[in-house]
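J.: requesting a structural model of the entry that follows:
(2 chains)
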Number of protein chains: 2
Amino acid sequence: MSSPSASHDRYPWQNEPTWSKSEKAIARTAFDAALNRELREVMQEAKRMANEIKEPADAWDLEHYLTERRREINRKYDYRYSQLTHVFGRLLYEGRVSEEELGGLQEDKLNPIRSLANFLAEDAA
Amino acid sequence: MSSPSASHDRYPWQNEPTWSKSEKAIARTAFDAALNRELREVMQEAKRMANEIKEPADAWDLEHYLTERRREINRKYDYRYSQLTHVFGRLLYEGRVSEEELGGLQEDKLNPIRSLANFLAEDAA
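T.: Numbering: from 1, shown residues only, chains lettered A, B, ... in the order given. The predicted model follows:
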C-alpha cells in the first residue's frame, strides 16, 4: 500500500499551484479589498433596509438578509491556498475583483481563475 | 388504570381557569397591545443600531439582536388559554401590560397573574 502522505511535505498536488511570496502578497491584498468592499455593501444595505422598516416583517427581513449574507461571505472568503483560485474565480465572475488586482499572478493561477469565472458566467447566462 | 382523557372534554383542569367571552376579549386586546408595543420597540432599536453601524461586527450585532428578539417574542407571546396567566404574569412583571389593561378579568386569572409577576420580581431582586 502506498502512503500518499509521504510526499505531501515536499511536492504540491498536481492541481495546486505553488504561490510565491510576491503572489501571496498580491492575493492577500486583492482578497482583503474584495472582502472589505463586500462588507461595506452589507453595512450600507442594512442601513437602507433599517430606514425602510415600517412593520415587524420588515425587521425580520433585515435579520434574514444579514444571516444569509454572513453565511455567504463566510463560505466565499476562504483564504486557503488550495482554495484561492476558486475564490478568485468566483470574485472575478461577480466583479468583486478586477484583472488588474490579480496582475502579477502567474498563468498557473490566472488560467484556472479565468476558467472558473467564464464557466460561472456561461452557467448563469 | 384511570383514563384522564375521559374527562378532558367536559371539565377544565383544576389549574386552568375558564375564560368567559368578555374575558377573552380583554385578554386579546391586552395581548395584542403588548405584542405591538414590543414589536415597535424592536423596530426602533433596529433602526438605531443600523444607524450606528460603523464596522462589519456592528452589522452582525444587529443580526444577533434581531434573532434573539424574534425567538424571545415567539416564545413569550403564546396565546393559548392554558398559558395565558403565565404570559400575562411575565408581561406584568416586565411592565408590558398594566393592571388597568387586565381590568375585568376574574380573580381566578388575576391571582395567578399577580403571583407570577411577584415571583419574577423577587427572583430578579
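
J.: only C-alpha atoms from now on, for both contacts and neighbour counts.
T.: Will do.

J.: between the helix or strand where A:R71 lies and helix B:56-76, what angle do the directions make?
T.: Following DSSP states H and E, one finds A:R71 within helix A:56-76. Interaxial angle of helix A:56-76 relative to helix B:56-76 (axes from the mean of the first three to the mean of the last three C-alpha atoms, to 10 degrees): 130 degrees.

J.: avg pLDDT for the helix or strand following helix A:56-76?
T.: Per DSSP H and E, the first helix or strand lying C-terminal to helix A:56-76 is helix A:84-93. The average pLDDT within helix A:84-93 is 97.

J.: next secondary structure element downstream of helix A:84-93?
T.: Next in sequence after helix A:84-93, counting helices and strands by DSSP H and E, comes helix A:99-102.

J.: quick one on the thing from earlier: show residues contacting the helix holding A:R71.
T.: Under the criterion C-alpha atoms under 8 Å, 6 or more residues apart in numbering or on different chains, residues A:42, A:46, A:49-50, A:52-53, A:87, B:39-40, B:42-43, B:46, B:59-60, B:62-63, B:66-67, B:70 lie in contact with helix A:56-76.

J.: buried ones among those?
T.: Among these, those buried by neighbour count (16 or more other C-alpha atoms under 10 Å in any protein chain shown) are A:42, A:46, A:49-50, A:53, A:87, B:39-40, B:42-43, B:46, B:59-60, B:62-63, B:66, B:70.

J.: and the gap between A:Q44 and A:I73?
T.: Separation of A:Q44 from A:I73 (C-alpha to C-alpha, to the nearest Å) stands at 15 Å.

J.: and those two? which has more neighbours close in?
T.: A:Q44 (17 against 13; other C-alpha atoms under 10 Å in any protein chain shown).

J.: contact partners for that one?
T.: Contacts of A:Q44 (C-alpha under 8 Å, 6+ apart): none.

J.: same thing with A:Y81?
T.: Contacts of A:Y81 by C-alpha under 8 Å, 6+ apart are A:E16, A:W19.

J.: and the longest helix belonging to chain A, which residues are buried?
T.: Secondary structure of chain A per DSSP state H: the longest helix is helix A:21-51. By neighbour count on 16+ other C-alpha under 10 Å, the buried set for helix A:21-51 is A:23, A:26-27, A:30-31, A:34-35, A:38-40, A:42-47, A:49-51.
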